[in-house]
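J.: need coordinates for the below:
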Amino acid sequence: MGHDHVHNHNHNDLKGRNLVISILLNILITVAQVIGGLVSGSLALLSDALHNFSDVLSLIVSYIANRLSKKEASLQRTFGFKRAEILAAFINASTLIIVAILLIIEAAKRIQDPQIVQSNLVIWLSILGILANGFSVLLLKKDSQANMNMRSAYLHLLTDMLASVAVLIGGLLMKFYQLYWVDSALTLAIAIYLIWMGFDLLKESTKVLMLFTPDTIPIDQIVKEINAFAEIKNVHHIHVWQLNENETHFEAHIDFEHDITLTQFDKILHKVEDLLLNKFEINHVNIQPEYGKDDVKDVIVQD
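T.: You can find the predicted model right below:
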């Protein structure tokens, strides 16, 4: 069966440009915060710099994945690189959690031994982080709503902007109230937030990579509605999976009541396709027709 695909190259180019801008901004922030953290002695600032460095890596991964996803399919890669952005989302979510664990370890050490921090430098560099990351967040916000890869990059930047806000608050508390333990406490809070944000994305991207049935697809209902067609005796051996966020695939064996012609099969196939597309948003369908075949008729069959 044929499928219509609409490629918006201008939109893809815009996504790529926005990612490049965000990468450059985060490199600037990372360098400034590493220097500032070492000079001021602020663990929160260094933790924010580490998070920013992970942002740089994640944004580069996202950019490469965005470029790869536009490559055409070939004999060696019949799906092309359509899963590159899902893989990027998985990598980025994993790095969020790893960075968070490292921050928790460092914060725990520092809480036991609070150190004096040069708060003025912390304040100004956190403001720089808020402005630069805030601009990057605005650049990626629209695309993050429809693309898992862009959402992973957006989450990295959003959490870093919020981390910079937390560092700013900590800098002000240290400057005016000499509460130096706040530096470690904020680092711990940032780390916990990173884990919370990264876990859902990690779980979502893992489901796609593992070919799990999307949560929105009720297989029992699909079976019931396909079986309702008069010509169909049984639908079985079903697989439903997402190739990426735009393509949901469905394959199944359909046992027919009669030994129909190929022309009759095509007509029934179009009805099944319309049902799956309009009601369940499944846009790639592969049906194996059968008549009187002696095979397992279970809905789900372990291959």
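
J.: number of nearby residues for residue 195?
T.: Residue 195 has 17 neighbours, counted by other CB atoms under 10 Å. No exception for glycine: its C-beta is placed from N, CA and C like everyone else's.

J.: can you pull the pLDDT of it?
T.: The score at residue 195 is 86. That number is its pLDDT.

J.: tell me which other helices or strands the host helix or strand of it touches.
T.: Assigning secondary structure by DSSP states H and E places residue 195 in helix 181-209. Where contact means 3 or more CB pairs under 8 Å, 6 or more residues apart in numbering; DSSP states H and E, helix 181-209 is packed against helix 43-68, helix 84-112, helix 148-177.

J.: ok, which of the ones you listed comes nearest residue 245?
T.: Between residue 245 and these, the shortest gap by CB to CB is with helix 148-177, which sits at 5.4 Å.

J.: related to what we said a few turns ago, now the angle between helix 43-68 and the helix holding residue 195, please.
T.: Here the directions of helix 181-209 and helix 43-68 differ by 20 degrees (axes from the mean of the first three to the mean of the last three CA atoms, to 10 degrees).

J.: now do helix 181-209 against helix 84-112, angle only.
T.: Interaxial angle, helix 181-209 versus helix 84-112 (the same axes, to 10 degrees): 160 degrees.

J.: next one: helix 181-209 to chain centre, how far?
T.: Helix 181-209 has its C-alpha centroid displaced from the chain centroid by 14 Å (CA atoms, centre = their mean, to the nearest Å).

J.: also stretch 249-263?
T.: Counting by CA atoms, centre = their mean, stretch 249-263 comes out at 36 Å from the chain centroid.

J.: counting neighbours, which bits of that stretch end up buried?
T.: Residues of stretch 249-263 classed as buried by neighbour count (16 or more other CB atoms under 10 Å): 250, 252, 253, 254, 255, 256.

J.: which of those fall in strands?
T.: 250, 252, 253, 254, 255, 256 (DSSP state E).

J.: next, the nearest residue in space to the fifth one that is not next to it in sequence: secondary structure please.
T.: Right, residue 255. Leaving aside its sequence neighbours, residue 255 sits nearest to residue 234 (CB to CB, 6 or more residues apart in numbering; 4.1 Å). At residue 234 the chain is in strand, as set by DSSP: H, G, I helix; E, B strand; the rest coil.
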